[in-house]
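Asks: Structure of the sequence below:
(one chain, ligands or ions: 1)
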Amino acid sequence: MQMKEFAKNPLIMKIAKGVWYEDVNGKKYLDGLSGIFVVNCGHGNQRIIDAIKTQLDTLSFAPPLHSTNVNALALRDLIVGVTPKGLGTVKLMSGGSESTEAAMKLARQYHKQTGNPGKYKVISRYEGYHGATMGALAASGVAKRKTAFEPFGPGYIKVFPPTCYRCPYKLEYPECGVFCAQIIESVIKQEDPSTISSLIVEPIGNTGGIITPPQEYFTILREICDKYNILLIFDEIITGFGRTGEMFASQTFRTTPDIICMGKGMSSGYAPIGGIAFKDSVAEAFLGKDEQKVQFNHGHTFGGNPLSCAAAIASITEIKERELPRRARESGAIVWKRLEELRDKIGIIGDIRGKGLLIGIEFVRDVKTKEQFPDSMSFGVQVGKAALRRGLIIRADPHWVALAPPLVIEKGEIDEMINRLSDSIQDALSSVGR
Ligand SMILES: Cc1ncc(COP(=O)(O)O)c(C=O)c1O
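Replies: Presented below is the predicted three-dimensional model:
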């Protein structure tokens, strides 16, 4: 949004509790987006607040340069306990972009230290988003977020994502044989496998409209990466910590990557934190006396910050103890059912996709032909604006919207969320004369 436009009537939040925000004028908003895919445990969680307060009295900073701290170690143990087996090494950062940058750099240095110094290229997907810093942006595939900052460094290759509803190859699943995954092997061959270091993907892609691949997609990617000695990186900055119905989408899709990037829901937003968890076999390349095996040359001042770690420990413990991944699965099923009813009622929902409490809704003018509303109408954005007026926060894009409420959302609040969304869609339809 143009800042001039925002400044005319800025939305200024004052307090939040559970799934509700309240602005400075006392208006309440149901947070249908967990802030921005962050507040998995909900707002005002007392356990996390207390953990941060207590931590302030003991240790608030210990730089990663000359020490680690008890919280960083405890958090490492907790993360290893909830990530897929074998990802035994953890490096902590301050947010998502730092984590994806670190993952891509780790892959390059790993190959240099294991006898493949020519492996530097990164394969990623159009429509993907991996962060705002230069390397993360170079791997991202959304023109409107990138063009102003180009050119980036060389070696960032893009492939099409698994957008089944609008397949770029005009194929139908399952007859397609998941061609969008298979073709990555051809891209690797064309580029020369000895130059490719990593393949980075979001298990479910936000920016393209909650792009959700078929189950086999990641099995195929895993096989291809193994065949050509390419590190598979899952950017789980949105999908991590319960969002898709398991702790990580790697578990939802039953595929273990070499590196998982995390952020956002890691502390439920109570303090900035991110990190990567990676395979012991990768870590091995950085350990030992061999002169070639130097440490990972990457660090950030606030990596492993004890306050942020305290928030993350409390948040992850809360997610585990309250079984929030299971709740995401169950609540997601309720949301899905209500959306199907809405689809029957209003007839302009072309596709519903996602997993757990990460759900995208694509609008179309004609469900049979999948014809979209004109770009100029920006229908999804109109729905988003109407939702805001009705006290509901969602993710809105010209052709789709997304719901990702805190995992603690209650049944009654789900009804409220869907009712407000339904009314907002009707508002947007009226505004375009339908
Ligand atoms: C999938 C994904 N990766 C990386 C990032 C970057 O995270 P951060 O904004 O914390 O740097 C984001 C942020 O939205 C994201 O959605």
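Asks: interface residues of the stretch 1-150 of the chain facing the ligand?
Replies: Residues of the stretch 1-150 of the chain lying close to the ligand by CB under 6 Å from any ligand atom are Gly95, Gly96, Ser97, Thr100, Tyr129, His130, Gly131, Ala132. The way it works is simple: take the backbone N, C-alpha and C, and place the C-beta from them, glycine included.
Asks: how far out from the middle of the chain is stretch 34-44?
Replies: 13 Å (CA atoms, centre = their mean, to the nearest Å).
Asks: Can you pull out the residues in contact with stretch 236-243?
Replies: With CB atoms under 8 Å, 6 or more residues apart in numbering as the test, stretch 236-243 has contacts from 37, 40, 96, 99-100, 131, 202-204, 206, 247-250, 252, 260-266, 268, 274, 315-316, 319, 324-325, 327-328, 356-358, 404, 407.
Asks: quick revisit: among the residues of the stretch 1-150 of the chain next to the ligand, name the ones in helices.
Replies: Mapping these onto helices (DSSP state H) picks out Gly96, Ser97, Thr100.
Asks: Please enumerate the strands of the stretch 251-400 of the chain.
Replies: 259-262, 274-278, 349-355, 358-363, 392-393, 395-396, 400-403 (DSSP state E, counting those that start in this stretch).
Asks: Contacts only, for Val335.
Replies: With CB under 8 Å, 6+ apart, Val335 has these contacts: Leu357, Ile359, Leu403, Ile414, Met417, Ile418.
Asks: out of everything not next to it in sequence, what's closest to the second one?
Replies: Which is Ile359. Of all residues not flanking Ile359 in the chain, Leu403 sits nearest, at 4.9 Å (CB to CB, 6 or more residues apart in numbering).
Asks: State the distance from the closest residue to the ligand within the stretch 201-350 of the chain to Ile394.
Replies: Residue nearest to the ligand within the stretch 201-350 of the chain: Ile237 (3.8 Å; CB to the nearest ligand atom). As judged by CB to CB, to the nearest Å, Ile237 and Ile394 stand 19 Å apart.
Asks: Same drill for those two, tell me which one is more crowded.
Replies: Ranked by neighbour count (other CB atoms under 10 Å), Ile237 and Ile394 place Ile237 first, with 27 against 23.
Asks: Check the secondary structure at that one for me.
Replies: coil (DSSP: H, G, I helix; E, B strand; the rest coil).
Asks: a markdown table for the strands of the stretch 251-400 of the chain, including mean neighbour count, distance to Met1 and mean pLDDT?
Replies: Output for the strands of the stretch 251-400 of the chain, formatted as a markdown table (neighbours: other CB atoms under 10 Å; distance: least, CB to CB, whole Å; pLDDT from 0 to 100):
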| stretch | mean neighbour count | distance to Met1 | mean pLDDT |
| --- | --- | --- | --- |
| strand 259-262 | 29 | 27 | 98 |
| strand 274-278 | 29 | 26 | 98 |
| strand 349-355 | 21 | 25 | 98 |
| strand 358-363 | 24 | 20 | 98 |
| strand 392-393 | 24 | 14 | 98 |
| strand 395-396 | 22 | 11 | 98 |
| strand 400-403 | 25 | 16 | 98 |
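Asks: Please name the residues that touch Val401.
Replies: Residues near Val401 by CB under 8 Å, 6+ apart: Gly360, Ile361, Phe363, Gly380, Val383, Gly384, Ala387, Ile394, Arg395, Leu421.
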